[in-house]
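1. I'd like to go over a predicted model; first the sequence, then the structure.
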Amino acid sequence: MKSTNPVFTGLQTTVFETMSRLAMAHDAVNLGQGFPDVDGPEDIRKVAADALMAGPNQYPPMLGIPDLRKAVAAANGRFYGLDVDWQTQVLVTSGATEALADTILALVEPGDEVILIEPLYDCYLPMVKRAGGIPVRLRVTPPSWALDLDVLETAFSDKTKAILINNPMNPAAKVFSAAELQAIADLCVHHDVYAICDEVYEHLVFGGEHHRPLMTFDGMGERAVRIGSAGKTFSLTGWKVGYITGPAHLIDPIAKAHQYVTFTTPPNLQKAVAYGLAKDDAYYTDLARELEDKRDRMAKGLEALGFGVLPCAATYFLTCDITGLGFGANDIDACTRLVEEAGVAAVPVSAFYGGDAPDRFIRFCFCKRDAVIDEAIDRLSAHLSPRTAQAAR
Ligand code: PMP
Ligand code: GLN
C-alpha cells in the first residue's frame, strides 16, 4: 500500500488526548487537557438549545451569521477600541483550531518562513508544514519565559511571511510584555510580515490586567489577524466556535480557505455565542476572578507539597518545577508516574518544544471545581508523603 501523508500521520496522538485517555484508564483526576469541569453559563446554553429547536438548522452564511459577526466586531470595539467592520473584517470558524488552519493555509506559500515561538500549541507546527512553510523556531523557557529580543530579530528575514504568536501563552501562562509586543510589531512592519495572533485566552487574564492585542500596535492593523475562541471565553470548549478579526484584504483570502475546510459552523451555537459576547462587564471580570481564585487554591496546595510553582498571569494553566520531588528522570516520566501511581493527570511541558526541551516542568490545569482541586492535592500529598518520609530518613 502507498504511504499516507507523514506531516500528520508521522505524529503521535496529541499529548492532551493521550493524557485524557490515561486519566480515564487510571481513574485519575484529570488536570491534563485544558477544559473546565463545569459547563459555561446556562443562559448561553439555553439560547443554543432554543435555537436548535426553533431552527433554521441549515447552512448558515459562509462568513458566519450576521448576529455573531456583529457581536465579534462590537467586542473588539468594546474591549480594545478597535474599529471593526462586521461585514468584511470578521470570519466565524469551527473553533480557534480551524481559524489557525484557515489562516495558515491562506497566507503561507511553499518556501515561506514562518516564525514560531516555543512552547508551541500542538497544531501550529504540522499546519505550517502542511502549508509548505518553513518553520523558524525560537523559544521562551521556564522559569522566566522572557523573549530574547536579539534572537527574535535574527529570526526575521526577507523570506519571513508570518509570525505566529500565542498571547496569553499556553502553557507558559505568560502575558507578553508591552516591550516584547512592540519589538514584534516593529519587526513585522520593518520586514513586511503578517502576524497570526492566537488570543484564545484574551479574557482569562488575572490581577485586574487587560489583554492587549498585537493588532492595536502601530502598523499592525493592516497585517495582523487575531483569533478568539468561545470555548475559552464561555467555558464551553466542546462547542468549537472561533472567530477571526483582521483587515478585509486578509479576511477575504482566509475565508477562501475556510470555505474548503469546514465552510461553516452550527447556526444555533453561533447565535448563542453572539448572545454571550454581549454579556455585561461583570461576566468577564467574574470569569477572570473565579479562575484566579482557583489558580491560587491550586498553587497554594502544590507549593505546600514542594512543587516549584511558576507565576501565572493568565490562561488555565500552572507550570511547576518538579526538581527534587523524586518523580523520575524527566517530565514525561513524572507525568506517567503521577497518572498511574498518584491518580492525577498533568502534561509534560517538553511536549510543547522540539529537541533539547526543558524537561523538569509539568503543567496542571486549574479550571476545575474546588473539590476536584482539593482531591488532586490530597492524592499528590498521599503519593508524596512516603517519599518525603523516606528522604528524611
Ligand atoms: N490555541 C491555543 C493556545 C489553545 O490552548 C487552544 C486549546 N484550547 C486552541 C488554540 C484551540 O481552541 P479551540 O478549541 O477553539 O479550537
Ligand atoms: N488547549 C487544550 C490544552 O492546552 C487542549 C485542546 C485539545 O486537546 N486539542 O490543554
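-> That came through fine. Everything quoted here is computed from the prediction, not taken from an experiment. Residues are numbered from 1 along each chain as shown. Ligands and ions are numbered 1, 2, ... in the order given.
2. for whichever residue of the stretch 151-300 of the chain sits closest to ligand 1, list the residues it contacts.
-> Per CB to the nearest ligand atom, residue 229 is where the stretch 151-300 of the chain lies closest to ligand 1, at 3.4 Å. Yep, even glycine has a C-beta here, placed from its N, CA and C like the rest. Residues near residue 229 by CB atoms under 8 Å, 6 or more residues apart in numbering: 95, 96, 200, 241, 242, 243.
3. how far away is it from residue 132?
-> Remark: distance between residue 229 and residue 132 (CB to CB, to the nearest Å) = 26 Å.
4. tell me the phi and psi of the residue of the stretch 1-150 of the chain found nearest ligand 1?
-> Closest approach of the stretch 1-150 of the chain to ligand 1 (CB to the nearest ligand atom) occurs at residue 95, with a separation of 2.9 Å. Backbone torsions of residue 95, given as degrees, to the nearest 10, read phi 90, psi 160.
5. show me the contacts for it.
-> Counting by CB under 8 Å, 6+ apart, residue 95 makes contact with 229, 231, 239, 240, 241, 242.
6. state the distance from the first one to residue 67.
-> Think residue 229. Between residue 229 and residue 67 the computed distance is 18 Å (CB to CB).
7. what does the third one give?
-> Taking CB to CB as the criterion, residue 239 is separated from residue 67 by 16 Å.
8. comparing these two, which residue is more hemmed in?
-> residue 239 (25 against 18; other CB atoms under 10 Å).
9. residues touching that one, list them.
-> Shown in contact with residue 239 (CB under 8 Å, 6+ apart): 48, 95, 230, 231, 269, 273.
10. determine which two of these are furthest apart.
-> With CB to CB as the measure, no two of the contacts of residue 239 lie farther apart than 48 and 95, at 15.3 Å.
11. isn't there a helix covering residue 251?
-> Yes - counting by DSSP: H, G, I helix; E, B strand; the rest coil, residue 251 is part of a helix.
12. that one against residue 257, yeah?
-> No - with contact defined as CB atoms under 8 Å, residue 251 does not reach residue 257; the gap is 10.9 Å.
13. neighbour-wise, which of these two wins?
-> Each of residue 251 and residue 257 has its neighbours counted (other CB under 10 Å); residue 251 has more, 24 against 19.
14. give me the neighbour count for whatever residue of the stretch 251-393 of the chain ends up closest to ligand 1.
-> The minimum distance from the stretch 251-393 of the chain to ligand 1, using CB to the nearest ligand atom, falls at residue 315 (7.6 Å). The tally of other residues near residue 315 (other CB under 10 Å) stands at 29.
15. would you map the helices across the chain?
-> Assigned by DSSP state H, the chain shows helices spanning 6-9, 15-25, 42-54, 66-80, 95-107, 124-130, 149-155, 178-191, 230-233, 248-261, 267-277, 281-304, 331-337, 370-392.
16. and of those, who's closest to residue 364?
-> Each of those has some distance to residue 364 by CB to CB; the shortest is helix 281-304, at 6.4 Å.
17. helices or strands up against that closest one?
-> strand 308-309, strand 317-321, helix 370-392 (3 or more CB pairs under 8 Å, 6 or more residues apart in numbering; DSSP states H and E).
18. what sits against residue 281?
-> Applying CB under 8 Å, 6+ apart to residue 281 gives no contacts.
19. and the residue of the stretch 151-300 of the chain closest to ligand 1, what are its bridge partners?
-> residue 242 (DSSP bridges).
20. so which bits of the stretch 1-150 of the chain are right by ligand 1?
-> Applying CB under 6 Å from any ligand atom, one finds that the stretch 1-150 of the chain approaches ligand 1 through 34, 95, 96, 97, 121.
21. switch to 5 Å and redo it
-> The stretch 1-150 of the chain comes close to ligand 1 at residues 95, 96, 97, 121, as judged by CB under 5 Å from any ligand atom.
22. tell me the spacing between whatever residue of the stretch 101-250 of the chain ends up closest to ligand 2 and residue 236.
-> Closest contact between the stretch 101-250 of the chain and ligand 2, by CB to the nearest ligand atom, is at residue 170 (5.1 Å). Distance from residue 170 to residue 236, counting by CB to CB: 17 Å.
23. same check on residue 266?
-> Counting by CB to CB, the separation of residue 266 from residue 236 is 12 Å.
24. and those two? which has more neighbours close in?
-> Between residue 266 and residue 236, residue 236 has the larger neighbour count (other CB under 10 Å), namely 24 against 17.
25. burial measure for the spatially closest residue to that one that is not a sequence neighbour, as a count.
-> Using CB to CB, 6 or more residues apart in numbering and skipping residues adjacent in sequence, the residue nearest residue 236 is residue 40, 4.3 Å away. Neighbours of residue 40 under the rule other CB under 10 Å: 20.
26. with residue 238 instead?
-> 9.
27. and what of the one 5 residues further on?
-> Around residue 243 there are 29 other residues, counting by other CB under 10 Å.
28. now the one 3 residues further on
-> Here the number of neighbours of residue 246 (other CB under 10 Å) works out to 27.
29. quick check, pLDDT for it.
-> On pLDDT, residue 246 comes in at 98.
30. doesn't residue 227 make contact with it?
-> No - contact criterion CB under 8 Å: residue 246 and residue 227 do not qualify, at 9.1 Å.
31. which residue is the nearest non-sequential neighbour of residue 259?
-> Here the residue nearest residue 259, using CB to CB, 6+ apart, is residue 62, at 5.6 Å.
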